[in-house]
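**Student:** mind folding the following:
(2 chains)
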Amino acid sequence: MDTKSGNKRRWLWMIGLVAIMAAIAVPLYLLWPRTAAATMDPWQNVPTHAVHTSHADIIKGPFETPQQVTQACLECHEDAASEVMHTTHWTWESEAVSVPWRDDPVTIGKKNTINNFCIGTQGNERTCMSCHAGYGWSDADFDFSNSSNVDCLVCHADLATYGKGDYGLPTEAVDLVEAAQSVRAPTRDNCGACHFDGGGGNNVKHGDLDESLYFPSGELDVHMGANNFLCTDCHQTEAHAIKGKLLADNFTIDPAKQVACTDCHAADLHADDRINEHVDTVACQTCHVPSMALKNPTKTVWDWSTAGQDLPEDHYSYLKIKGNFVYEKDVTPSYEWFNGNLAYRYLLGDTIVPTETTLLNPPAGSIEEPAAKIFPFKIHRANQPYDVNYNYLLQPITSGEGGFWTTFDWKSSFELAQERIGLPFSGEYGFARTDMHWPVTHMVQPKEGALQCDDCHSAGGRMDWEALGYPGDPMEWGGRFDDQPTASR
Amino acid sequence: MSARPRFTHVIHASARVLLLAGVLMLLSVLAGAPAAVAQDAAATPAGTSTGSFVPPAAEVQNDASPLHPTFALLDVDGANVLESGKPVSPMQSCGACHDTSFIAQHSFHSDLGLSDFGRTDIEVAQPWDQSRGLFGRWDPLTNRTLSPEGAVQLDLSTAEWLMKFGAFVPGGGPATTARNGAALTTLPPDAANPEASLLAADGSVQAWDWQQSGVVEMDCFVCHLAQPDAAARAATMAAGDFAWANTASLSATGIVSRTAEGFAWQPAAFGEDGKLLPAFVQIQDPTNENCAACHGVVHTDAKQPLVFNACDLTQPQTATTGQVVSPQLISQSGINMADKASLNRPWDVHAERALKCTDCHYAINNPVHAQEAAGKQPDHLTYDPRRLELGEYLQRPNHELARGASAQFMIDEGQKGSMRRCESCHAAQETHSDWLPYTERHIEVLACESCHIPSMNAPAIESVDWTVVQADGTPVTQCRGIEGSDTVNGLVTGYEPVLMQRTNVDGDTMLAPYNLISAWYWVFDEAGGADGAAVPAPVRQQDLAAVYLENGSYAPAILAAFDANSDGALDTQELVIDSDAKVALVTERLEALGLSNPRIEAQTQPYSINHSVTRDEWVTRECQACHDNDSRVAAGLSLSNRTPGGVVPTFVADNNVTPSGTFESTNGALRYQPAPEADGIYIFGHNRVAWIDWFGALLFAGTLLAVIVHGSLRFVAAMRRPRHAHKLKRVYMYQAYERFWHWLQTITIIILLFTGLIIHRPDIFGIFSFPHVVTVHNVLAAILVINASLSLFWHLAGGEIRQYIPRPYGFFDQAIEQTKYYIQGIFRDDPHPFAKSRDRHLNPLQQVTYFGILNVLLPLQVITGALMWGVQRWPQFANALGGLPFLAPFHSLVAWTFASFIVGHVYLTTTGERPLSGIQAMVTGWEEVAAEGAHAAEAPAAPSVTAAPGLASSTQA
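**Tutor:** Numbers count the residues shown, from 1 in each chain, chains lettered A, B, ... in the order given. Okay, the predicted model is just below:
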């Protein structure tokens, strides 16, 4: 054999080897048992945090006023203030929108609406503005165009060095240089300072957001506890616009642009098809937030009508300035249809029927609406002042000089309000029932802590099926998307 | 309707709402509400802010029927109880609309075994059993023998049976009727008649007056009322106050109240028409709680941590098996449990999924559930609409409840297997086939429960020793699955039930989980049989106490024999009959009581486990849980830490369980070791036949040894002699296809051997994934078969097959010559006796070897392998050849032979001109061979195949 053909043969047996390997590998590959397609990896949507740049050596000071701190920030972060000034953290109101029950477009926000906790901010700026991301909002004449008044520190400073007091100004104890040097991306502390204490104290307002989330255990919340999420991991932020709005109170936010569980999780990820069938009708939160106020009680009832009396005071049942309360812990939410919008938002001056409970922000949605799902709410019930002759809810001046918390005189507080915010007061007031709906969406439990079938589908189940519009338990009576039973067996 | 009932109804229905409102009002008063109210009144229009803020509490829900009409409570004479003041008669009251006599006649819950009396065609567990039900079947856990007619010694009379077991007796049947069918009330009081007498605590026998005590009619309320007072009912029965038992069920309803004299009907519960007010009509389908009253632990309040007692016989199903029916997560229960936090699963998935007991155990003619037995309807019909109307059903609901085929008792055989089983609702094939290899085979052999009830998380009784009694007269009972004594302070560890072969009603057999409870007890011969013949009977508790105890403490003779540490007291460790001396002592003392031939007997009763089902990741689903040395299928179960009198128990035979395993005894402790292979089950990776593995391993090692010795000798011989150059020529020996199929076959066989070894011994090769190895083995086997078939076709088509067929003429001579060459000539560097050529490259020895390998072993291996692979689809073929227990070991044997062959085969390739020339030829096709063999000229010429280019044969050796 010559060398040439020898080489050829060597090449040939290599081909043979490859062919043999293929004869084994290809059938193996084709017949290999396949596991189900990998589901969405929830971690893919969790942002990686930027490396922290210490500002200790960048910020020099000294600062006489907080506004100087803001100006120092703006030297480098030139657009930051104008970005913030476009957000509701600054404006406290929406763009003007048309609502069905008003002729003219209205803006809606903390600036001008009322709730059934401390009722309204107008005229109560001294106290309320301690949660405004700005400095010195003391009355209606506040200059919203002055970028120096943007409070960078409340979101970015280490709150061990910073705190806000009257009119949103730093408290006297604050060392502005130290606070400014401590800045970093917002943590749960920064968001929690206002959002955990909404309504005037720890967990008063939300039920699912409270100070226990500063150091949450794994059982409290799977995201913040077990996985140490920051608020901004879900409420992702672009140009200081923070995604998500718990209370869709202004008709301006598209529910689709809210923070959603499905941003990270596949809706049909449950191993059990029976559970996946639920996701068209039941919000994730319904099963995965079975209970709120797990650690700290939340306020569920507030009766303003008893305020001002010299009764024994107790933080959880009666305060002279606020009246009677009921606080509850480990609260089972109320369940209602919710499409992400509100059906109505009470606006200052809207008339009420005082003999009936006024729903200040009823959720929109019904069993007939395919997009609506059963959603958990905290319902806050209140008895709050209204004008007996004009039949609208009144907004008292509470804080500050001449406010109810000083005078304990309702009439003068309403007269002062008429003076400051222009809401006419007839001179006669009463107390009317109002309800507010607060969607429950934090304190999420993994499957081990989620609701089980029998939590709803049993004699003692937590759903009021008939109130939700079902003839009875849909497990037995059929769901809203079920076809009528056919003759086939 | 009058105003009064309406008002009462409102009060009742919203009582809890009002109560809550009241509490809140009280609170607000304390907090200063009066002033507020006054202020409100001044400032606001009426009604704007009065009332409470409490969210409307969900109305208290129960399953009471909203439709059930009001009805009058009648006594046994049909008179309204409000007027007569007599006990309620459910048969009369409910019988106004429902056919109560039909119901009572069609209810095993009522019969409880009474209808077995006088029957000779039934199989009972023990010679002294008279029935298969609670009434008449002796249960070693309670150890009371219902005395038969003519018993010399009275043990349990009918009256005492009712008193003792009243909590489990719904009434009717033996509670109203004598064994001969007469009404109990017709029996005259007679101390000699076990049906009309009572064994008093002092041992004397008294007559029992049924007229005075009354009887217990079948009690509709105890199952159909939302809140029956089962405790009051049981207490009334225990007191012998039978007539009032069913009235006591109503104690918690407000319809009747307990007074010093007895029970007084409450007029407030009745309307002017004498009927119950609607609020008091809380009639419902039986809930899980109703069933739980007699059967076992049921828990529905998800918020209340579940707590129960260990091995508590008032909850028999839980005590005997550890089954708990609750939707609650085990981790949220109040039980102190090992590794509790990780048990994030409900006690029972069906309870969690809101199924009720009656969803499976439904009334057998309930038109909602009843379905025709599969195969009963004619071929042309899939659904027969002609069935009971609801009204007809409600009038005559058959109270035989659908049931499975549990092992406990062979009772109620008519309904055995009437229940829907797992597969009636679940598409097991669908849900398993995507991940479980051999799905059909697994489902055929294993009951769903075997994997879906992997372990019990509650304690269960393990054994009861009635050969001794404790100072309080109770036996020494052992409980499994718990350390310590109670479920709150002790530590519940749970246990794994044992898998045993069960025969279903349809004759199918499968492995299912069981708890085993063993009992030891004294038996004597009682002269109570026909014609005075001796019949065995368990020694009465009373006699046992007399043997061991005197005045409430142990008799001196007993103490002397049993008190090992001489502390004057007997603990449970000491209280055991573990020596002949103790047997003799107790025997003697029993004989002294007049008991003839006393002896220790023992039985083991399997208790089937069908509840406490789980799913998904909690299920036994790892292959190696079973396919390994420590196979779940063959896991044994401890029976007892003692063997009183050295008596090994026998399995109770009156059930559908086949105990094919063995009792193993170590230091007096007993254990049951299942033997699945004895049930015809061969578990790959667990079962193996020892001699086959020994034989195979020896064959393999022997071949290896022979090769090493032969090779060493060749090497030494070659060193000793001068190198001699044969005259060589290069021959194109193997065509490309030959080489391809040879090497493909080589690789598949080697991998098959290796994967087969892993499947055979997963305990050694634990790093390999068992299911993946099985897949590789199956796929490669298919490749091997295809490769062999194509090769066979090629050899047949080209006539090359002839190379493999030994030629009869001169075959033995040639074979001997070839053998001599390997033994002698090869060491002398003699030329090969038969020159290898393209037309003839197999020597006679090779021919016969390959003939055997390719025509015998390979087909056998392929056929046995294919049958094993096809066992799930076509089990009849495998079973015809002995099933897996034969096929699998045979397959292993042949595999050993193949492995040994390969060793020899590879070695013989080195006997060519140069050690590697043979292998090289199989790679390149060209081989250098001796120009002439010793008999080259004599070699029979192969048919001329050179026309077909490169035709030659395959392997050379």
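**Student:** use CA for all of it now, contacts and neighbours both
**Tutor:** Fine.
**Student:** the stretch 601-750 of chain B: strands as residue ranges?
**Tutor:** B:637-640, B:650-651, B:657-658, B:662-666, B:669-673, B:728-732 (DSSP state E, counting those that start in this stretch).
**Student:** okay, the angle between the fourth one and strand B:669-673?
**Tutor:** Between strand B:662-666 and strand B:669-673, the angle comes out at 150 degrees (axes from the mean of the first three to the mean of the last three C-alpha atoms, to 10 degrees).
**Student:** where do the strands of chain A begin and end?
**Tutor:** Secondary structure of chain A (DSSP state E): strands at A:237-238, A:241-242, A:298-303, A:318-319, A:323-328, A:334-338, A:358-359, A:373-387, A:392-393, A:429-439.
**Student:** residue 100: how many residues sit nearby?
**Tutor:** Chain wasn't specified; assuming chain A. Residues lying near A:Pro100 (other C-alpha atoms under 10 Å in any protein chain shown) number 10.
**Student:** wait, chain B
**Tutor:** Number of residues near B:Thr100 (other C-alpha under 10 Å) recorded here: 21.
**Student:** tally of neighbours for A:Asp310?
**Tutor:** 11.
**Student:** scratch that, A:Arg462 is what I was asking about
**Tutor:** 16.
**Student:** re earlier: how about CSV for the strands of chain A, with distance to A:Asp210 added?
**Tutor:** Putting those into CSV (distance: least, C-alpha to C-alpha, whole Å) gives the following:
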stretch, distance to A:Asp210
strand A:237-238, 22
strand A:241-242, 19
strand A:298-303, 9
strand A:318-319, 21
strand A:323-328, 13
strand A:334-338, 19
strand A:358-359, 24
strand A:373-387, 14
strand A:392-393, 29
strand A:429-439, 14
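**Student:** got TSV for those strands, with mean neighbour count and distance to chain B too?
**Tutor:** Shown next, in TSV, are the strands of chain A (neighbours: other C-alpha atoms under 10 Å in any protein chain shown; distance: least, C-alpha to the nearest C-alpha, whole Å):
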stretch	mean neighbour count	distance to chain B
strand A:237-238	10	36
strand A:241-242	17	34
strand A:298-303	26	7
strand A:318-319	22	7
strand A:323-328	22	8
strand A:334-338	24	10
strand A:358-359	20	11
strand A:373-387	25	7
strand A:392-393	27	13
strand A:429-439	24	5
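**Student:** mind putting those strands into a markdown table with mean pLDDT?
**Tutor:** A markdown table is the format used below for the strands of chain A (pLDDT from 0 to 100):
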| stretch | mean pLDDT |
| --- | --- |
| strand A:237-238 | 90 |
| strand A:241-242 | 90 |
| strand A:298-303 | 95 |
| strand A:318-319 | 94 |
| strand A:323-328 | 94 |
| strand A:334-338 | 96 |
| strand A:358-359 | 95 |
| strand A:373-387 | 96 |
| strand A:392-393 | 95 |
| strand A:429-439 | 95 |
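**Student:** who's in contact with residue 437?
**Tutor:** Defaulting to chain A. Applying C-alpha atoms under 8 Å, 6 or more residues apart in numbering or on different chains, we find A:His437 in contact with A:Leu360, A:Asn361, A:Pro362, A:Pro363, A:Phe377, A:Lys378, A:Ile379, A:His380.
**Student:** let's do chain B instead
**Tutor:** B:Pro771.
**Student:** pLDDT score assigned to it?
**Tutor:** For B:Pro437, the pLDDT comes out at 84.
**Student:** and what of B:Ala41?
**Tutor:** 38.
**Student:** and what of B:Thr70?
**Tutor:** For B:Thr70, pLDDT reads 93.
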